[in-house]
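> What would the 3D arrangement of this be:
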Amino acid sequence: MAVPVAFFAVFFAYPVAAIVRRGLHADGAWHLGRIADVLGQPDIRHVLWFTTWQALASTALTLLIALPGAYVFARFDFPGRQVLRAVVTVPFVLPTVVVGTAFLALLGRGGLLDELWGVRLDTTVWAILLAHVFFNYAVVVRTVGGLWAQLDPRQEEAARMLGARPLTAWRTVTLPALAPAVAAAALMVFLFTFTSFGVVQILGGPTFSTLEVEIYRQTSEIFDLSTAAVLTLVQFLCVGAILAVHAWTVRRRESALKLVDASTTARRPRGAGQWTLLAAVLASVAVLLLLPLAVLVQRSLTAPGLGYYRALTDADGGTFLVAPIHAIGASLSYAAAATAIAVAIGSLAAAALARRDAGRLVRGFDALLMLPLGVSAVTVGFGFLIALDAPPLDLRQSWILVPLAQALVGVPFVVRTMLPVLRAVDVRLREAAAVLGASPWRVWREVDLPMVRRALLVAAGFAFAVSLGEFGATVFIARPDNPTLPVAVARLLSRPGDLNYGQAMALSTILMVVCAVALLVLEKLRGADRTGEL
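Presented below is the predicted three-dimensional model:
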């Protein structure tokens, strides 16, 4: 636990505390009365209510639509399955400003629905909810589907042979085993929608505002750091309470599971019901995920002769110090470093948290690990600039600052992906290996690692994906001569003109392709790595 605790203390708690202190401490005294003043404002209470309500609705809708997809990808074998698994993850790494722009092109004035049926959904809560489903679909499919693929289907089949109906067998046998993974996926979706920024800002207009949008407005437009600090504290406390409840409920439901080789559980669909389910899932993926991506590609190709793509090789000196195409190499380098950091920190934390004899202090750290997903990325970004500006932590000019910020978001995904599988390993296997003379390190290497190898690869893929798409904190610390793809897209979108908009769409398309290729390679590695799986 020492390394994860030190990492989060230095690169998360310290920067956030520095921002809060800057906002609430002045003239040698704390101005805590500002908290009651801010919370007493009707518009702030409305923001708090809408933030919570839309997060709950987005989480429920995402689970409703994505859980059938998790089952299909885990248990059905059909042509193009690996490619489609990579494609459904692409939306998750897109910058939220790009997601909002894509849905604006579909649902807004002059969008696809407006042209076909005269229907507009922009500036409505439905546009926000659908965009959140688009963004978080892969979280449920990969988190729940990764464990679902390794559950022994013979247990459910035995229940059906004893007379249970299919739904009853699934509800009493499979669902309890999946409960920790479902809870983990729901938690991540809720945190991402609770802190939604780009999607709400573009699709919600002046009508809807989340805490994240309000913190950004108070910080960047009104320059009221005290109000921003109060809202950050409120967000921090709300997320902390939710994480504490989550850790308590999951701890009560965890149990050892019989895990099998995932390659033996996937079969071709059988019967009309399974084929209908497969068709329904593919249709929902096409409408909710592929159609917005297709709009982005179409917009990037509107200039004749791939004009927007050719313009990416030119540096105009106004938006960037280098050509926008340079952001591709920078993003890949940063994401690779962030993935290595996130996997190392997250694996250590998951291994410690998986122990059933862990004390309350260790179990409490389980909830703290998720706080970076629930605290304003704007706060973290500003905190890095304020806190890490003096020796021995003067990192403002160091390239490692960006991977550190990206790894903060990646570590929770590594922990949440690996923890259900590690906790499902029968402790008697570890005890038997120890009795036979194996050291703790050898027990981990020969007992735990083979069982969690798939989860580790999934975790690495998630960490790489979220690092590619991280925007909120990176926008404040990425250097002008080395921007990431999301930062480059946001800067191009902020400037008027068709050329800038087209280049933003072209860079978004490149980001989609890079992510799809990386995730497809990961799927191939997972498919080829069958040694040691149980």
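
> Report pLDDT for residue 262.
On the pLDDT scale, residue 262 is placed at 62.

> typo on my end, residue 254
Looking at residue 254, its pLDDT is 55.

> Identify each buried residue in the helix or strand hosting residue 280, please.
Using DSSP states H and E, residue 280 sits within helix 271-285. Judged by neighbour count using 16 or more other Cβ atoms under 10 Å, the buried positions of helix 271-285 are 274, 277, 278, 281, 282, 284, 285. In this view, the C-beta of every residue, glycine as well, is placed from N, C-alpha and C.

> Flag the least confident of these.
Out of the buried residues of helix 271-285, that is residue 274, at 84.

> What distance do you get for that one to residue 202?
Using Cβ to Cβ, to the nearest Å, residue 274 is found at 39 Å from residue 202.

> just residue 503 next, same as before
18 Å.

> for residue 389, same thing?
Distance from residue 389 to residue 202, by Cβ to Cβ: 32 Å.

> again with residue 123
Using Cβ to Cβ, residue 123 is found at 10 Å from residue 202.

> try residue 194
Distance, residue 194 to residue 202, using Cβ to Cβ: 18 Å.

> Please apply the same query to residue 160.
Distance check for residue 160 against residue 202: by Cβ to Cβ, it reads 48 Å.

> what do you get for residue 8?
Using Cβ to Cβ, we find residue 8 at a distance of 31 Å from residue 202.

> Looking at these two, which has the bigger crowd around it?
A side-by-side neighbour count of residue 8 and residue 202, using other Cβ atoms under 10 Å, places residue 202 first with 23 against 20.

> would that one count as being in a strand?
No - counting by DSSP: H, G, I helix; E, B strand; the rest coil, residue 202 is not found in a strand; it is helix.

> What count of nearby residues applies to the nearest residue to it once chain neighbours are set aside?
Closest residue to residue 202 in three dimensions, ignoring its sequence neighbours and counting by Cβ to Cβ, 6 or more residues apart in numbering: residue 100, at 3.1 Å. By the criterion of other Cβ under 10 Å, residue 100 has 27 neighbours.

> Residue 100 sits in which helix or strand?
Per DSSP H and E: residue 100 is located in helix 96-107.

> what distance separates that helix from the middle of the whole chain?
Centroid displacement of helix 96-107 relative to its chain, using Cα atoms, centre = their mean, to the nearest Å, is 18 Å.

> Just name whatever secondary elements it is in contact with.
helix 112-117, helix 125-148, helix 198-203, helix 291-300, helix 485-493, helix 498-528 (3 or more Cβ pairs under 8 Å, 6 or more residues apart in numbering; DSSP states H and E).

> Next, the angle helix 498-528 makes with the fifth one.
Using axes from the mean of the first three to the mean of the last three Cα atoms, to 10 degrees, the inter-axis angle of helix 485-493 relative to helix 498-528 is 160 degrees.

> who's in contact with helix 485-493?
95, 97-98, 101, 319-320, 324, 327-328, 331, 468-471, 474-475, 478, 483, 500-501, 503-504, 507-508, 510-511, 514 (Cβ atoms under 8 Å, 6 or more residues apart in numbering).

> Same check on the fourth one?
Where contact means Cβ under 8 Å, 6+ apart, the residues beyond helix 291-300 that reach it are 90-91, 98-99, 102-103, 105-106, 112, 134, 308-309, 501-502, 505-506, 508-509, 512.

> Could you tell me the per-residue confidence at residue 527?
Listed pLDDT for residue 527 reads 56.

> any idea what residue 78 is structurally, helix, strand or coil?
Under three-state DSSP, the three-state class of residue 78 is coil.

> For it, grab phi and psi.
Backbone torsions for residue 78, taken as degrees, to the nearest 10, come to phi -140, psi 160.

> so residue 61 makes contact with residue 126?
No - between residue 61 and residue 126 there is no contact under Cβ atoms under 8 Å: 10.0 Å.

> neighbour count winner among those two?
Neighbour count, other Cβ under 10 Å: between residue 61 and residue 126, residue 61 has more, with 18 against 13.

> so the residue most central in space within the chain is in which element?
Residue closest to the average C-alpha location in the chain (Cα atoms, centre = their mean): residue 466, at 5.9 Å. Element membership for residue 466 (DSSP H and E) is helix 449-469.

> Restrict that helix to CA atoms and write it as PDB.
Only the C-alpha atoms of helix 449-469 are listed here, as PDB (Å, rounded to 0.1, in the frame of the first residue of the first chain):
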ATOM      1  CA  LEU A 449      -1.300 -13.700 -12.100                       C
ATOM      2  CA  PRO A 450      -2.500 -16.500 -14.400                       C
ATOM      3  CA  MET A 451      -6.100 -16.000 -13.200                       C
ATOM      4  CA  VAL A 452      -6.000 -12.200 -13.600                       C
ATOM      5  CA  ARG A 453      -3.900 -12.000 -16.800                       C
ATOM      6  CA  ARG A 454      -7.000 -11.200 -18.800                       C
ATOM      7  CA  ALA A 455      -8.200  -8.600 -16.300                       C
ATOM      8  CA  LEU A 456      -4.700  -7.100 -16.300                       C
ATOM      9  CA  LEU A 457      -4.800  -6.700 -20.100                       C
ATOM     10  CA  VAL A 458      -8.300  -5.200 -20.000                       C
ATOM     11  CA  ALA A 459      -7.100  -2.800 -17.300                       C
ATOM     12  CA  ALA A 460      -4.100  -1.800 -19.400                       C
ATOM     13  CA  GLY A 461      -6.400  -1.200 -22.400                       C
ATOM     14  CA  PHE A 462      -8.700   0.900 -20.300                       C
ATOM     15  CA  ALA A 463      -5.800   2.900 -18.800                       C
ATOM     16  CA  PHE A 464      -4.400   3.500 -22.300                       C
ATOM     17  CA  ALA A 465      -7.800   4.500 -23.700                       C
ATOM     18  CA  VAL A 466      -8.600   7.000 -20.900                       C
ATOM     19  CA  SER A 467      -5.100   8.500 -21.100                       C
ATOM     20  CA  LEU A 468      -5.600   9.100 -24.800                       C
ATOM     21  CA  GLY A 469      -8.900  10.900 -24.200                       C
END
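
> got the angle for that helix vs helix 485-493?
20 degrees.

> from the chain's centre, how far out does the strand or helix carrying residue 6 sit?
Here residue 6 sits within helix 2-8, counting by DSSP H and E. Relative to its parent chain, helix 2-8 has a centroid offset of 21 Å by Cα atoms, centre = their mean.

> tell me the average confidence for it?
Mean pLDDT, helix 2-8: 90.

> ok, and what's touching it?
Applying Cβ under 8 Å, 6+ apart, the contact partners of helix 2-8 are 344, 345, 346, 348, 349, 352, 365, 368, 369, 372, 408, 411.

> switch to 10 Å and redo it
Helix 2-8 is contacted from outside by 13-14, 341-342, 344-353, 361-362, 365, 368-369, 371-372, 404, 407-408, 411, 415, using Cβ atoms under 10 Å, 6 or more residues apart in numbering.

> Give me the buried subset of those residues.
Those of the contacts of helix 2-8 that meet the buried threshold are 14, 341-342, 344-353, 365, 368-369, 371-372, 404, 407-408, 411, 415, by 16+ other Cβ under 10 Å.

> Residue 433 is nearest to which of the helices and strands packed on helix 96-107?
Proximity to residue 433 (Cβ to Cβ) singles out helix 125-148 among the helices and strands packed on helix 96-107, at 23.1 Å.

> and that closest one, how far out from the chain's middle?
With Cα atoms, centre = their mean as the basis, helix 125-148 stands 10 Å off its chain's centre.

> wait, what's in contact with the nearest residue to residue 230 once chain neighbours are set aside?
Nearest non-adjacent residue to residue 230, counting by Cβ to Cβ, 6+ apart: residue 38, 4.2 Å away. Under the criterion of Cβ under 10 Å, 6+ apart, the neighbours of residue 38 are 44, 45, 218, 224, 226, 227, 228, 229, 230, 231, 233, 234.

> which residue packs closest to the third one, ignoring adjacent ones?
Meaning residue 218. Counting by Cβ to Cβ, 6+ apart, the nearest residue to residue 218 once its immediate chain neighbours are dropped is residue 228, at 4.2 Å.
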